[in-house]
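Engineer: Please work out how this folds:
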Amino acid sequence: MHTVAILVLDDVVPFDMAAPFQAFDWTRLPDGRSPYRVRLCAEQPDVRTRGLALRIDRGLDALRDADTIIVPGRSDESGPPSGRVLDALRQAAVAGTRIASVCVGAFVLAEAGLLDGLRATTHWFAAEELARRYPRVEVQPDVLYVDNGQILTSAGAAAGLDMCLHMIRGDLGSAVAAHAARMCVVPLEREGGQAQFIVHEHPPVPRGSGLEPVLEWIEDQLAGEITLAAMAAHSGMSERTFSRRFREQTGTTPLQWVLRARVRRAQYLLENSEHPVERIARQAGFGSPTAFRERFRRVVGTTPFAYRAAFRARPARPSAASPDRG
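Structural biologist: Got it, this is the predicted structure:
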């Protein structure tokens, strides 16, 4: 029997802990036997979570006998993991134990040095911070999970469930994994390379950089044509100087900045308007619907139609008990 140890740290996010527990605990072989033994373990018996108080019977020693260790995410206010936790994870890695993280649990693996030189992901909201803190990690912010063999990382709780089903499929085959997916009431088809739905924030622009006026001008001109020459002229610089200073200040090129600004406007319109895709393509400055669909998919990782279906704001329906009195 394969032992899965879920390492519960202080301020653990309950959903991130529940997803792997559910996936492995509900897995069954064709004869009905359970192939996995799921264990919760922690450094201290009493663990704080968001809204829950947990008492964990097993300590860090349980990691020594585990075949797989999963580290769930923690709240934003969490401090760094203790040296004992990091040492236990390093020892498990040296022993060849499979180690995975859910959501911002990737920060724990990175702190232990287990992601150095590897590809990794986390929730898109925290990806930039993960890359900043741990430059030796190749952060991929736009995928559901990354499998490096021994070390795996996933995005949010739902992506963590996808990752667990991926591991089950690798361990026991597609039929067993499909049954586990049905028990979890989720599809089995989502692959790790499928993109997260991401709100693409612009890189911060330092105050006093001199770029603020041209960035405001870009926002006002998104529906029209914006060329490098026009941006440089508006800034009062040559194209070469403007491009160099823009990259130095923002970490990206002027045209990439424009593309992301257009994608953000399109995201807003898809979420908050009934406009057809053809109109949104014009309003966001993509020219044609074909160009809009291709570039939106390349940046966001899904189609405008799928994005709207997932995120369009819907007005609340008045309840029978509280009718709309107009």
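Engineer: And Ser288, how far from Gln267?
Structural biologist: 19 Å (C-beta to C-beta, to the nearest Å). No exception for glycine: its C-beta is placed from N, CA and C like everyone else's.
Engineer: Which one of those two is surrounded by more residues?
Structural biologist: Gln267 (23 against 11; other C-beta atoms under 10 Å).
Engineer: Make sure Ala155 is actually in contact with Cys103.
Structural biologist: Yes: under the criterion of C-beta atoms under 8 Å, Ala155 makes contact with Cys103 at 6.5 Å.
Engineer: between those two, which one's more packed in?
Structural biologist: Set side by side, Ala155 and Cys103 show more neighbours around Ala155, with 33 against 27, by other C-beta under 10 Å.
Engineer: Quick check: closest non-adjacent residue to Ile168.
Structural biologist: With sequence-adjacent residues excluded and distances taken as C-beta to C-beta, 6 or more residues apart in numbering, Ile168 is closest to Ala177, at 4.5 Å.
Engineer: so the one you found is in which element?
Structural biologist: Counting by DSSP states H and E, the element that carries Ala177 is helix 174-184.
Engineer: Now that helix: average pLDDT?
Structural biologist: Averaged across helix 174-184, pLDDT comes to 81.
Engineer: elements contacting the helix or strand following that helix?
Structural biologist: Downstream of helix 174-184, the first helix or strand assigned by DSSP H and E is helix 212-220. If contacts are counted by 3 or more C-beta pairs under 8 Å, 6 or more residues apart in numbering; DSSP states H and E, helix 212-220 sits against helix 228-235, helix 254-272.
Engineer: Quick one: closest of those helices to Cys41.
Structural biologist: helix 254-272 (40.9 Å; C-beta to C-beta).
Engineer: Need the contact partners of the closest one.
Structural biologist: With contact meaning C-beta atoms under 8 Å, 6 or more residues apart in numbering, helix 254-272 is reached by 199-200, 202, 215, 218-219, 222, 226, 228, 231, 242-243, 246, 250, 252, 275, 280-281, 283-286, 292, 295-296, 299-300, 304, 307-308, 311-313.
Engineer: Likewise for stretch 273-288?
Structural biologist: Stretch 273-288 is contacted from outside by 221-226, 258, 262-263, 265-266, 269-270, 289, 291-293, 295-296, 304-305, using C-beta under 8 Å, 6+ apart.
Engineer: Can you check the distance spanned by it, start to finish?
Structural biologist: End-to-end distance of stretch 273-288: 19 Å, with C-alpha to C-alpha, to the nearest Å as the criterion.
Engineer: how far off helix 254-272 does the least confident helix or strand in the chain by mean pLDDT point, in degrees?
Structural biologist: Least confident helix or strand of the chain, by mean pLDDT, DSSP states H and E, is helix 304-311 with a mean of 78. Counting by axes from the mean of the first three to the mean of the last three C-alpha atoms, to 10 degrees, helix 304-311 lies at 50 degrees to helix 254-272.
Engineer: ok, now which ones touch Ala159?
Structural biologist: Neighbouring residues of Ala159 by C-beta under 8 Å, 6+ apart: 102-103, 144-145, 196.
Engineer: Most neighbours out of those, which is it?
Structural biologist: Result: Val102 is most packed of the contacts of Ala159 (other C-beta under 10 Å), 34 neighbours.
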